[in-house]
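Peer 1: Below are the sequence and a predicted model for it; my questions follow.
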Amino acid sequence: MQGVSDMGNKYQNHYQIQINNILDQTQNLCIEKGIDNVSIVDIARSCHITRTTVYNYFDSKEDILWAIFYRHQSSMYEKCVTAIKQASTTYEKFQAYAYTTLSLYKENIYYPIFMDIFGSIYMSASAKKDYQWDNPYNEYQVKPGDMVALLSENFHDGSVKSTLDPKLSTVSFVYAISSLIDFLYKSNEAIQTKYQLDFESVAFTQIQWLLNELKNK
């Protein structure tokens, strides 16, 4: 029985190694060539496996890209949720969300690329109940609106202005932060050249402006 168990573990380990190899190599190819220029043949060659072997693990290139997206999205969601749950007030939750999102753009070069490609699809797909949400790489089963729901919970705790509408304020903040950081990240070279500043310092300042508009002073 022990031998059968060992064989099963070895197979599972091999399976996971192959999966990770395909995802990692596809990421690298997308950075190097652009996503539209990457084919299953390119992925197989980069992984040193056959095209047929790739199809043993994924049905299509799109499935591979969604797996990569959700791998990063799950990591992002976990970090944001951890930071938000450590916050004691609504204001601190918003602060935690903003600064955690900013840190992801600094730490993970792949995250902005795949968010750029899939973000608009992800955000607009909430009406499609079965749209990729059951993807095995969507570890936390994240759906559009989950972050808004988490941030708006017990919204009026005295830390933010009492005149603010919870849903409107939370949705506005989440979209403002994601759009702001993404735009500044893409403009980093221009910001450095023109003003000798980096996107992080500019983003930090603008985030603080947004937070100040929420805070109950």
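Peer 2: Perfect, thanks for sending it. Bear in mind that the values here come from a model prediction, so they are computed numbers and not experimental data.
Peer 1: Is there a neighbour count for residue 62? I'd like the number.
Peer 2: The local packing of residue 62 (other Cβ atoms under 10 Å) involves 10 other residues. Placement of C-beta: from N, CA and C, glycine included.
Peer 1: That one falls within a strand, correct?
Peer 2: No. Counting by DSSP: H, G, I helix; E, B strand; the rest coil, residue 62 is not part of a strand but helix.
Peer 1: Would you point out which residue is most central in the chain?
Peer 2: residue 73 (3.1 Å; Cα atoms, centre = their mean).
Peer 1: Spit out the contact partners of the closest residue to that one other than its chain neighbours.
Peer 2: Spatial nearest neighbour of residue 73, excluding adjacent residues (Cβ to Cβ, 6 or more residues apart in numbering): residue 142 at 6.2 Å. Shown in contact with residue 142 (Cβ atoms under 8 Å, 6 or more residues apart in numbering): 70, 73-74, 77, 133.
Peer 1: quick one: residue 38 and residue 30 touch, right?
Peer 2: Yes. Counting by Cβ atoms under 8 Å, residue 38 touches residue 30, with 5.7 Å between them.
Peer 1: Okay, buried residues for stretch 97-112 please.
Peer 2: 97-102, 104-105, 110-112 (16 or more other Cβ atoms under 10 Å).
Peer 1: just curious, which of those residues is nearest to residue 153?
Peer 2: Nearest to residue 153 out of the buried residues of stretch 97-112 is residue 97 (Cβ to Cβ; 12.6 Å).
Peer 1: Show the model's pLDDT score for that closest one.
Peer 2: Residue 97 is assigned 95 on the pLDDT scale.
Peer 1: likewise the one 10 residues further on?
Peer 2: Here, the pLDDT recorded for residue 107 equals 83.
Peer 1: how near is it to residue 70?
Peer 2: 18 Å (Cβ to Cβ, to the nearest Å).
Peer 1: hang on, the earlier thing: by pLDDT, give me the weakest of the contacts of residue 142.
Peer 2: Lowest pLDDT of the contacts of residue 142: residue 133, 63.
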